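>>> have a look at this fold, sequence not included:
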């Protein structure tokens, strides 16, 4: 299991802040909007693994910096990869980035809870809110459940 203190400042393109179990991950390049390139592409899979394996993360918020969530690619980037080894790296990182993101189980119920955590009303509300409910209130309800 990862501990926040061990990974909070580990990544150049992700700033992390956690209060009361609510983790905010801010994607950036040198403090400004994230410029997509090989660095964040390589860092995100491990960052998501760290976040997902920390049971103290109850809610995870992903956000950007500045006017855009993710800005243009890094200047001078090659865009297309020209060798099979380069394509293999990009494919492997991309696959692990997505799988690590999907493996984040923020809001896990404490081990003392009964029943299947996936069947809880808080988890259901978060994963499939009704059309009449606002996603921000659903997130708040899920987060407030942990304060009880």
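Ah, there it is. Since we're looking at a predicted model, the values are computed, not measured. Numbering: from 1, shown residues only.
>>> which stretches of this protein form helices?
Using DSSP state H, the helices assigned to the chain run over residues 4-7, 38-52, 84-102, 121-127, 135-145.
>>> name the helices or strands packed onto the second one?
In other words, helix 38-52. In terms of contacts (3 or more Cβ pairs under 8 Å, 6 or more residues apart in numbering; DSSP states H and E), helix 38-52 is packed against helix 4-7, strand 14-19, strand 22-27, helix 84-102. C-beta: built from backbone N, CA, C; applies to glycine.
>>> what's the closest non-adjacent residue to residue 31?
In space, and not counting its chain neighbours, residue 31 is closest to residue 65: 6.8 Å by Cβ to Cβ, 6 or more residues apart in numbering.
>>> tell me, what's the model's pLDDT at the one you found?
Predicted confidence (pLDDT) at residue 65: the value is 90.
>>> that one and residue 30 touch, don't they?
No - counting by Cβ atoms under 8 Å, residue 65 does not reach residue 30; the two are 9.7 Å apart.
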